[in-house]
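[1] Got a sequence here, can you build the structure:
(chains A, B, C and D)
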Amino acid sequence: MLHVELVLQGLINGSMYAVIAVGLTLVYGLLRILHVAHAGLFTLGAYITVLITNATGSLPLAVLAATLVVGVAGMLVYRLLYEPLLDRPPYVALIASIGLFICMEESYRIVFGPYGNSFDTMQLTQRITIGPIGMAAADAAMLVGAVVLLTGLGLLMKRTRFGIAWRATVTDPAMARSFGIDTIKVRYVNFFIASALAAAAGALVAVLNNLVEPTMGSVPSYKSLAIIVLGGLGNVGGTLAAALLLGVIEAYGTIYAGAFLDRDAIAFVFLIAVLMVRPQGLFAAR
Amino acid sequence: MRRILPLLALAVLWLMPGTAPAQDVVKIGFHAPLTGFAAADGKSARQGAELAVAQANAAGGIAGKKIELVVYDDEGKPENTIPLANKLIGQDKVAVVVSGGYSGPTRAAAPVLQRAGIPYLSAYAIHPDITRAGDFIFRTGMMGEVQGRAGAKLVADLLKKKKVVIVAVNNDFGQALTAGFKEVAPKFGIEILKEHTFAMPDRQFGPLVAQVKASDPEVIYAPGYFFNAGPLVAQLRAAGVEATIIGQEGYDSQRFIEIAGKASEGVIVTTSLDRDSTSPATRAFIDEYEKAFKDRVDMVAASGNAAATVAIAALKKAGTDPKAIRDAIRAGSFDTAIGTLSFNNLGEVKKAVQVQVVKDANFHRFAIIDDLQFLAPPEK
Amino acid sequence: MSALLAVEDVLVRFGGVTALAGVSFSLGKGELLGLIGPNGAGKTTLLHTVIGVVTPTKGRVLVGGRDVTRLSTDARARLGLALTHQIVRPFRGMSVLDNVTLAAGFAKTTHLLRALTSVSRTAERARARELLALVGIADYADAAPAVLPLGALKRLEVARALAISPEVLLLDEPLAGLNSVEATRLAATLADLNASGITMILIEHNLAKVAEICPRLVVLDNGRKIADGSTAAVLADAAVIAAYMGKDASGRDPSHAEASHAAG
Amino acid sequence: MIGAYEITLVAVVSINLMLALGLNLITGFCGQVSLGHAAFFGTGAYAAALVAGGLPLPAVLLVAGLFACALGLLVGVASLRVREDFLAITTMGVGFVFVGVVRKQGFLGAEMGLTDIPDHGLGDLGFVGLCLALVALMALLTWHIKRSWMGFGFAAVADDERTARTLGINAAAYKLAAFVIGTFLAGVAGAVYAYFTRFIIPGAFGFTVSISILTMVIVGGVGSIWGVVVAAVLLTLLPEFSRVINDYKLLLYGALIVLTMRFAPGGLAGVVAAVKARVRPGGGP
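    Residues are numbered from 1 along each chain as shown, chains lettered A, B, ... in the order given. Okay, here's the model as predicted:
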């Protein structure tokens, strides 16, 4: 019974990691940028969700607004920061991204205060039981939300013109251009989708914790980097699998390894161990 | 070159020195983490201290001189706090310093102030080494171990419960509280079923909750901060865990109740601030704070206020000679927002522990543990 | 007498693709071997296997009779193998002269302690200038590679490879992209170097050029060696003609014809 | 006037300088982006705290450096296995694992840290003298390495590792050398830190420290010794001068990084080189 719950809780955490990290891997796959500021957009999504819900009383409206605003913000980050740096060594974009992330966290602290914000009325407080397994409605929302978002993303990538254009651009931008694919547009759409996913993750985490804080992106900022490496950089399916696996490993680590290892270090012990055996990541990079 | 100009402008802006008022003032130094991971506590501590200074100034200051609080951001970093303490001593020429910071920065500053012979009051940092730096160093907050002991007494004597699971934040605060709790637990016949830790940034406790549920304790002793405790308590209750949850001064913020919602009802915390106190000092603090900052009080604000209050009272009594201030603190008894404080030989505070319970979305008095012998902090 | 360089039954697979399917050949001292074949035949992969950038799935590479298959690229370079890249790879952060100076200092860079204790670059600079003059780009010595035309960069590749005093020089299309005057001059330089005792393998598309300077040819097609012998004999070989002309002209093995089509 | 404030500030700046010079060797000279430099810093500090009671100061510095570079060697060997993209994240992981392990070890004081580190016995001025001497020594060492053939080899490895190999340069050995020397310097910095604060806690060696050191290197201009020195001094001191704008300090720090990367990705050294090239058109290529 304990193990069923541990696995379940691991999957819930893992699905949160997945929704954040998949966006990061989309950006990396296309542009080879380690987009640390992604976690700042995640936080922005969470703030918008809470503030608009409190103002209008409608959580769905707030989530919609968060994904749209953050999606556009992501495109702006690309246009204003990354695009001019594409022909520079990769660490330039990485450091710029870290700088932007610091700016974002500080702006949230200054604008919204250091204490964090909560929903005026707690969302999804019910408890759901399926046979012997019970979980909070918020947990269920996290799981279902992640499945819906990632399935949607999968369909988008497999079935739509954008998906084809994206994959073609990732494989060979020059070739994609010669087939008439607007690779610049692909980049913007890519940033929109990745950032909207981050915002959705932020909204789900806000509901889950009933708390959004300026620093809530810190842990996702580095942990999702570990996840996309484990997943084989740029490999969307691999990222998903790595996120879920890490969630479960952390769940067990928290209980059984807590005496000698910090939970946040578990991800990296796992990462380093995997890289020593499989330098290309758990799942082959593209 | 034109591209660099904005950078230069920024640099110039940054370098602009602060202008200290030239009039005759008495300066109290203050540092707290205003940025970084502990910024929330930094802000509360600062507001608490500022309120004490404003009130004292409104009441005429010290012998006609205004009090100025010289505030620096320690960023939670020990190494930064050493130059900062030296700056407070050498350049700002403060008479006394209050720490609104965590243990790391406070431990770093204490020897500096001791060597310079400037009295130093730590508002809520818990590490035992702070006061060991010397006779100029005082602590108005409770040591972690002392509060941990109070927690054990609460569980056994007041609640009459035995089976405990400990879930502690993984830092010096959590470690010290756990150590204090475990130190006296055998004496009270408390059985510790399991002990777990979580990291300060953790907000999702699913696996821990599952494990706690499996252990089926009567009491969960869970040292942490409001930002951990809010989600933790909500998740424990959502999972159907009914055990009594014991928190500490880290929970003592209205934010905890906002985050945990209904789940916070019945949570009991050991802290320094008694919301139902009839003491004029406490009432005045609570009312004035909420008026001045449009926010509810919390333990950190009360502690920052209390430490500054002690500093001001000592200045009033002894003037600006550091040794006289030290002696005044050592010998005196101070009426503050967190009760009447006096100090032992080591500079540790002697005071009762407030036990508060969340009821109808507010903290209320549950009990007061005032067995000062049991709570006595170390003298060495 | 063992051959200076020998490749034995080398098999290279990338993922599911077989790039080299059991290629063998050997090379005596002082030879100038032309390596030809259609695009995708595996020529560059073969040179990369020899230098150690690519590790073969099966087979061996021998230098002077010694098995070097497990040796790193830098160890092979120290044994006397040098490579020029088909797509030029100058160190873009260094001047042209420094590119060659670095290579000329291989005796110093080989041992870390020696590298740490050596500062003077005078001798190596002088040697580098000689080499730049030899390949005819002395005027560019102080320029950054970014400003050089392709022809000069190709020559820089050769000068830099020569700077490590190789016994075997592996040249990956050094003439491609050059105009005919440049190509003729560089080809002549290479022939001179060969005459001075440096063994060479030359990948080249321009059959006329190859025929002019290489006495012996090895032909690859779709990862297999289809011919090896004197230039005249190889160029007359029906299989070679078929490989170059596309679909079979001689009624040979159909799988092979199919393969050459795919490779084209 | 030089007071205790200035003296202690010089010590803080010196520690950052030592860290930045060491990382500049790894990241600047040899091109290996490391996001885990604080782990080596911390290793040195903990090693020093453990042995300082029994050894004279120079031996403590040496032991701290050796412990750090032993870990550096280990991490270096491990990172040879991972592809270039992964290196930054692997080293970041090393940083997290270091803190995550240390904070649970009783013999390292766990969360309460190690305390009672003995006095260095040099006096305030003597200590700052030691700091400055170490910084000068390290600057000289890295300057020498840069102009030696080792530095030449580093530059080649940083520029194009595969091509460097085809020229006989053992890229793996060079990378390890960079890791070993750079982390040794970090370890010495750790010992100095331990003497400076006289207690250490795991939180002092976290990810944000690694980031701020890397920021110094990159804002200075990777590989440029003077650029990195200037950046380390400026970035350490600017917050000191700006205490008046406490609340916006970190925001401005972040903005400075973003703007530098956006408009001067070559850092200070890049800006100066560009200005020089414009002032003396004949001087450049």
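[2] Which residues are in contact with the residue in the stretch 101-250 of chain B that chain C sits nearest to?
    Nearest to chain C, among the residues of the stretch 101-250 of chain B, is B:A108, at 38.2 Å (CB to the nearest CB). From N, CA and C alone the C-beta is placed, and that goes for glycine too. Residues touching B:A108, when contacts are defined by CB atoms under 8 Å, 6 or more residues apart in numbering or on different chains, comprise B:P78, B:E79, B:T81, B:I82, B:A85, D:T197, D:F199.
[3] In the stretch 1-150 of chain C, where is pLDDT below threshold?
    In the prediction, the stretch 1-150 of chain C carries residues with pLDDT under 70 at positions C:1-2.
[4] any idea how far the residue of it found nearest chain B is from C:Y140?
    Nearest residue of the stretch 1-150 of chain C to chain B: C:A146, at 21.4 Å (CB to the nearest CB). Here the distance between C:A146 and C:Y140 works out to 11 Å (CB to CB, to the nearest Å).
[5] So the two - more neighbours on which side?
    Between C:A146 and C:Y140, counted using other CB atoms under 10 Å in any protein chain shown, the more crowded position is C:Y140 (21 against 10).
[6] my guess is that one meets C:D98, correct?
    No - counting by CB atoms under 8 Å, C:Y140 does not reach C:D98; the two are 12.0 Å apart.
[7] what's around residue 216, how many residues?
    Going with chain A. Neighbouring residues of A:M216 were enumerated by other CB under 10 Å; the total is 24.
[8] um, chain D though
    27.
[9] Now do the strands in the chain.
    By default, I'm working from chain A. A:127-130, A:133-136 (DSSP state E).
[10] tell me the most buried of the ones you listed?
    The densest packing among the strands of chain A, expressed as mean neighbour count by mean count of other CB atoms under 10 Å in any protein chain shown, is seen in strand A:133-136 with a mean of 18.
[11] ok, the residue in the stretch 1-150 of chain C that chain A sits nearest to - how many residues close by?
    Across the stretch 1-150 of chain C, the shortest distance to chain A (CB to the nearest CB) belongs to C:G15, at 9.3 Å. For C:G15, the neighbour count with other CB under 10 Å is 6.
[12] B:Q55 too?
    Residues near B:Q55, counting by other CB under 10 Å, number 18.
[13] do the same with C:G229
    By the measure other CB under 10 Å, the count of residues near C:G229 is 14.
[14] re the thing from before, now do the same contact list for the closest residue to the residue of the stretch 1-150 of chain C closest to chain B other than its chain neighbours.
    Counting by CB to CB, 6 or more residues apart in numbering or on different chains, the nearest residue to C:A146 once its immediate chain neighbours are dropped is C:R92, at 6.2 Å. Counting by CB under 8 Å, 6+ apart, C:R92 touches C:A144, C:P145, C:A146, D:D159, D:D160.
[15] Against D:G203, how distant is B:L84?
    Here B:L84 is placed at a distance of 17 Å from D:G203 (CB to CB).
[16] repeat for D:I89
    Separation of D:I89 from D:G203 (CB to CB) stands at 22 Å.
[17] Neighbour count: the two, which is higher?
    Comparing D:I89 with D:G203 by other CB under 10 Å, the one with more neighbours is D:I89, at 26 against 23.
[18] where's the more buried one, which helix or strand?
    helix D:84-102 (DSSP states H and E).
[19] in chain C, which spans are strands?
    For chain C, strands defined by DSSP E occupy the ranges C:5-14, C:17-27, C:32-36, C:58-63, C:66-67, C:81-84, C:168-172, C:199-203, C:216-221, C:224-230.
[20] out of these, deepest packed?
    Sort the strands of chain C by mean neighbour count, taking mean count of other CB under 10 Å, and strand C:81-84 sits at the top with a mean of 28.
[21] what packs against it?
    Packed against strand C:81-84, as judged by 3 or more CB pairs under 8 Å, 6 or more residues apart in numbering or on different chains; DSSP states H and E, are the following elements: helix C:43-51, helix C:150-163, strand C:168-172.
[22] As CSV, could you dump the C-alpha coordinates of it?
    Coordinates of each C-alpha in strand C:81-84 appear next as CSV, following Å, rounded to 0.1, in the frame of the first residue of the first chain:
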residue,chain,number,x,y,z
LEU,C,81,49.6,10.5,-39.1
ALA,C,82,48.2,13.9,-40.1
LEU,C,83,44.8,14.8,-41.5
THR,C,84,43.5,17.8,-43.4
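[23] which neighbours does that strand have in its sheet, and in what orientation?
    Listed by DSSP bridges, the sheet partners of strand C:81-84 and their directions read strand C:168-172 (parallel).
[24] before we move on, the earlier item: helices - which of the contacts of B:A108 land there?
    B:P78, B:E79, B:T81, B:I82, B:A85, D:T197 (DSSP state H).
[25] Give me the buried entries from these.
    B:P78, B:E79, B:T81, B:I82, B:A85, D:T197 (16 or more other CB atoms under 10 Å in any protein chain shown).
[26] Output those as CSV; include the columns distance to B:L113 and pLDDT.
    Shown next, in CSV, are those (distance: CB to CB, whole Å; pLDDT from 0 to 100):
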residue, distance to B:L113, pLDDT
B:P78, 14, 92
B:E79, 16, 90
B:T81, 10, 93
B:I82, 10, 93
B:A85, 6, 94
D:T197, 14, 92
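[27] What is the nearest of the residues you listed to A:L76?
    B:E79 (36.9 Å; CB to CB).
[28] quick one: that closest one and chain D, what's the gap?
    Relative to chain D, B:E79 is positioned 6 Å away (criterion: CB to the nearest CB, to the nearest Å).
[29] dump the residue contacts of that residue.
    Contact analysis of B:E79 by CB under 8 Å, 6+ apart lists B:A108, D:V12, D:I15, D:Y193, D:F196, D:T197, D:A204.
[30] Could you chop chain C up by domain?
    The record assigns chain C these domain ranges, following automatic domain parsing: C:3-80+C:166-263, C:91-164.
[31] Any part of stretch C:101-117 near chain D?
    Yes - applying CB under 8 Å from any CB of the partner chain, one finds stretch C:101-117 touching chain D at C:101-103, C:105-106, C:108-110, C:112, C:114-117.
[32] From those residues, list just the buried residues.
    Among the residues of stretch C:101-117 next to chain D, those buried by neighbour count (16+ other CB under 10 Å) are C:T101, C:L102, C:A103, C:G105, C:F106, C:K108, C:T109, C:T110, C:L112, C:A115, C:L116.
[33] okay if I get the residues you listed as JSON lines plus distance to A:G74?
    Putting those into JSON lines (distance: CB to CB, whole Å) gives the following:
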{"residue": "C:T101", "distance to A:G74": "46"}
{"residue": "C:L102", "distance to A:G74": "43"}
{"residue": "C:A103", "distance to A:G74": "45"}
{"residue": "C:G105", "distance to A:G74": "48"}
{"residue": "C:F106", "distance to A:G74": "48"}
{"residue": "C:K108", "distance to A:G74": "50"}
{"residue": "C:T109", "distance to A:G74": "45"}
{"residue": "C:T110", "distance to A:G74": "49"}
{"residue": "C:L112", "distance to A:G74": "46"}
{"residue": "C:A115", "distance to A:G74": "46"}
{"residue": "C:L116", "distance to A:G74": "47"}
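[34] out of those residues, which are inside helices?
    Secondary structure from DSSP H places C:T101, C:L102, C:A103, C:F106, C:K108, C:T109, C:L112, C:A115, C:L116 of those in helices.
[35] tell me which strands and helices the helix holding D:I89 is in contact with?
    helix A:90-112, helix A:218-230, helix A:263-277, helix D:37-51, helix D:57-81, helix D:207-220.
[36] what's the following helix or strand after it?
    helix D:123-147.
[37] Report the angle between that next one and helix D:57-81.
    Counting by axes from the mean of the first three to the mean of the last three CA atoms, to 10 degrees, helix D:123-147 lies at 40 degrees to helix D:57-81.
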